[in-house]
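S.K.: show me how the following folds:
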Amino acid sequence: MSGSGVDETASPRLRRDRAPHPSAPITLQGPGLGAHVRVPLGETGFDVFPLFLGAGEFGWNVDATTAFEILDTYGELGGNAVHTADSFAAGRSEYIVGSWLRSRRARDEIVVTVRVGRHPDNPGLDSVNLVRAVEASLTRLGTDRIDVLSLDAAVGDPAMLEDTLATSEWLVESGKVRAIGAHGYTAAQLVEARILSAAGYPRMTVLDVPYNVLRREEFEGDLRLVAGAQGMAVTPSHPLAHGFLAGETRTRDAQSRSARGTQLAANLNRRGSRVLRALDAVGSELGIPDAAVAVAWLLAQKIVTAPIVNALAPRHVVECMRAVGVRLSRSQLSDIARAAE
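M.R.: Here you go, the predicted model:
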């Protein structure tokens, strides 16, 4: 694909012969190399590329044509895990992802995770709405199963955890869902869920939580300890702080910024400036963009399995995927952490 950084003329044999040193960032000369990079997604039984492609902008800030280009670039470079939600663009994100899976005949190669609980037609995680939400997502995706169903514990949701897990058990047994994940749950709720799993309910094996070098307080603490003790696969959302850690707010024209970008720019403070300077310095040393440094910082956290990165263009996918294979030194990690204090 044009602009993806893929060398369409290189033969597979030449690409294998050009394999880089193991400590070097993953080369973007061909789609074959990244396809061999896989990590276990916790106890789900799936092996994934250590970077999820988030579809949060599809159907909203990204039209279907551009979304297909983004998905193609991700797949060409070895990616195999896509995250969406029934609330993303009121379901349009799922429809776009499903259309791409069908047109590329890629359903069996892609691990699809879906977050449910906030769609206005099926809000919450009570038994009725949970089943309806899953059925609606399956219809929009045009598939017969969801690989990882991420339960979104919406604020004020009256559903009892045991009831939610009982419904999840039926969804798993019926083959509509392969594994269960969690979003928005407290450490105490995860402990309760693990106790219930001892009674036969399905385990929550994946944790989707907002986490990046600037936003650490929600995860670091009891939630991190519990997730680690339970062996959950942690897939951080918002790893680039809506583009801030990629330097996007420094390059967008002020009059063309989205409301969210404008808010982020308004919140630019000394701490944020220090972190950006630290990312700039490390990026210059390694020859990679700030986005790749921010993702590499997350991947350096042993508990992190695969950050979820949303993209507005194919180049964003290329930039972020360069983080896989990068090994930040202790001094670089220390500089970035100190800047974020």
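S.K.: so which strand or helix has Gly98?
M.R.: For Gly98, the host element (DSSP states H and E) is helix 92-104.
S.K.: which is the next helix or strand following that helix?
M.R.: Next element after helix 92-104 (DSSP H and E): strand 111-116.
S.K.: for the helix or strand just after that following strand, buried residues please.
M.R.: Later in the chain than strand 111-116, the nearest helix or strand by DSSP H and E is helix 127-141. By neighbour count on 16 or more other CB atoms under 10 Å, the buried set for helix 127-141 is 129-131, 133-134, 136-138, 140-141. Any C-beta I mention is one placed from the backbone N, CA and C, and that applies to glycine too.
S.K.: re the thing from before, what lies in contact with the helix holding Gly98?
M.R.: 55-56, 58-60, 64, 67-68, 71-72, 75, 82, 84-86, 88, 106-107, 110, 112, 114, 137, 140-143 (CB atoms under 8 Å, 6 or more residues apart in numbering).
S.K.: tell me where the model's unsure across the stretch 151-300 of the chain.
M.R.: 155-156, 249-268 (pLDDT under 70).
S.K.: for it, which segments count as strands?
M.R.: 177-183, 204-208, 233-234 (DSSP state E, counting those that start in this stretch).
S.K.: among the ones you listed, which comes closest to Ile288?
M.R.: strand 233-234 (22.8 Å; CB to CB).
S.K.: residues in contact with the closest one?
M.R.: 40-44, 205-207, 209, 211, 219, 227, 303-306.
S.K.: any idea how far the helix holding Gly98 is from the chain center?
M.R.: From the chain centre to the centre of helix 92-104 is a distance of 17 Å (CA atoms, centre = their mean, to the nearest Å).
S.K.: report the angle between it and strand 111-116.
M.R.: Orientation note: helix 92-104 sits at an angle of 160 degrees relative to strand 111-116 (axes from the mean of the first three to the mean of the last three CA atoms, to 10 degrees).
S.K.: and helix 92-104, average pLDDT?
M.R.: Across helix 92-104, the average pLDDT comes to 98.
S.K.: mind listing what's buried in it?
M.R.: Across helix 92-104, burial judged by 16+ other CB under 10 Å covers 92-101.
S.K.: helix 127-141 and that helix, what's the angle between them?
M.R.: Using the same axes, to 10 degrees: helix 92-104 against helix 127-141 is 40 degrees.
S.K.: and Glu319, how many neighbours?
M.R.: 21 (other CB atoms under 10 Å).
S.K.: which strands and helices sit next to the helix or strand harbouring it?
M.R.: For Glu319, the element it lies in under DSSP H and E is helix 314-321. Where contact means 3 or more CB pairs under 8 Å, 6 or more residues apart in numbering; DSSP states H and E, helix 314-321 is packed against helix 64-76, helix 290-299, strand 308-310.
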